[in-house]
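Asks: everything below, folded, please.
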Amino acid sequence: MSNIEKWRNFSMASINDVAKLAMVSKSTVSLVVNNKGYVSEETRSKVEKAMKELNYIPSQLARNFSAQKSGIVGIVMPDVMHPFFSTFIKYAERYLYEKGYNAMVCGTVGREMIEETYLNMLNRHVMDGIIMGVHTLDVEKYKETTRPIVTLDRFIDADIPMVSSNHKQAAEITTKVLKDRNCKRVVQIIGSKLANTPTGDYAKYCRMFLEENNIEVCNVETESNSFTIEGYEKAAEKVFKNHPNIDAIIGVDIVILLCLKLALKKGYEVPKDLKLISYDGTYITRLGEKTITSIVQPIESLAKESVKKIIQLIEDKEIENKKSLLDVSLQAGETT
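Replies: I've put the predicted structure just below:
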């Protein structure tokens, strides 16, 4: 058996094997592999022939390590199964792949302090950057790192880029729809007060604009950082138990779908007796007995802009606008 056959049958050829077979130095093989520096056509041909003979595959990990880069971007979201977050992840993965990066998708529901763990992984160069969509960690932890971070829906610091929907615009559209339908008593289902996010601004703006139009507003809170069906069901049940005389409910897609189901079960005529508006505008709005009127967040554009910003940070390129607010739109349905 020849040396070449022995190498082929071995588990993996090394750069030393290629250099030995081509009768060149390891540094010359490295120049050919990385397509850097001058190598004569004759020598390049010898190296490429040896690589082919040995089925040599250059180690991307080794090349990334020497450049102190992993080629991986973390996408950290509360719940990877949630319709909004899963849709965001789908688009973010696609755009990262198109730019030559791989995604590490991380969910945090039910795991305390895991957000800080991912931040530590970033600091240890396990990832080149993070698109962070979780909002429980103290902002000072983020300010302590100089590694690339882009936040989804959370303002942390002027130096940390943020991508978000225009929640003020969303609240203005919501208010106009409810005002035009002569609504007087509205419940909005919101996340825990512990989460200080731009999405929370949507609820604040809704309350402000609705009250300016003499529309009464009550808040019903979900459990802290809860994105489970059970958590949303509890919130929906709480609405009808504590606020039987309302004429409108607003909240995210899933909870409004559950409110629609519960309202019809209890004998409400939707939209005659009760108007429903959801926020996100995912496929969930089309799964009930009626298509839900919704404020649509531009999820694909949010993902694309987040990827654009994180790559600019990783590659040390200047970011013109560190705070991106993207327009929302109204999707007319059968619940208003």
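Asks: how close does Leu330 sit to Val296?
Replies: The gap separating Leu330 from Val296 is 7 Å, by CB to CB, to the nearest Å. No exception for glycine: its C-beta is placed from N, CA and C like everyone else's.
Asks: what about those two, which has more around it?
Replies: Comparing Leu330 with Val296 by neighbour count (other CB atoms under 10 Å), the higher total belongs to Val296, at 20 against 17.
Asks: so what pairs up with the more buried one in the strands?
Replies: Asp280, Ser329 (DSSP bridges).
Asks: would you confirm that it contacts Val328?
Replies: Yes - the pair Val296 and Val328 passes the contact test of CB atoms under 8 Å, sitting 6.0 Å apart.
Asks: which residues are in contact with both of these two?
Replies: Overlap of the contact sets of Val296 and Val328 (by CB atoms under 8 Å, 6 or more residues apart in numbering) consists of Gly281.
Asks: show the subsequent helix or strand relative to the helix or strand of the chain with the lowest mean pLDDT.
Replies: Taking mean pLDDT, DSSP states H and E as the measure, the helix or strand of the chain with the lowest value is helix 3-9, at a mean of 48. If you walk from helix 3-9 toward the C-terminus, the next helix or strand you reach (DSSP states H and E) is helix 15-22.
Asks: identify the residues contacting the very next helix or strand once past that next one?
Replies: The first helix or strand that comes after helix 15-22 along the chain, using DSSP H and E, is helix 26-34. Around helix 26-34, the neighbours that count as contacts under CB under 8 Å, 6+ apart are 15-16, 18-19, 22, 37-39, 43-44, 47-48, 51, 58, 63.
Asks: do that again at 7 Å, thanks
Replies: Residues from elsewhere that reach helix 26-34, judged by CB atoms under 7 Å, 6 or more residues apart in numbering: 15-16, 18-19, 37, 39, 43-44, 47-48, 58, 63.
Asks: quick check: which of the residues you listed has the minimum pLDDT.
Replies: Of all these, the one the model is least sure of by pLDDT is Arg63, with 54.
Asks: element containing the closest residue to Lys266 other than its chain neighbours?
Replies: Excluding its sequence neighbours, the residue lying closest to Lys266 (CB to CB, 6 or more residues apart in numbering) is Phe240, at 6.3 Å. In the assignment (DSSP H and E), Phe240 maps to helix 229-242.
Asks: show me which positions of that helix end up buried.
Replies: Applying a neighbour-count criterion of 16 or more other CB atoms under 10 Å, one finds 231-236, 239-240 buried in helix 229-242.
Asks: what helices or strands is it leaning on?
Replies: The criterion is 3 or more CB pairs under 7 Å, 6 or more residues apart in numbering; DSSP states H and E, and the helices and strands that helix 229-242 contacts are strand 185-190, strand 216-221, helix 253-265.
Asks: that helix vs strand 216-221, what angle?
Replies: Note on geometry: by axes from the mean of the first three to the mean of the last three CA atoms, to 10 degrees, helix 229-242 and strand 216-221 are set 140 degrees apart in direction.
Asks: where in the chain is pLDDT low?
Replies: When residues are selected by pLDDT under 70, those of the chain lie in 1-12, 36, 57-68, 110-112, 192-199, 224-226.
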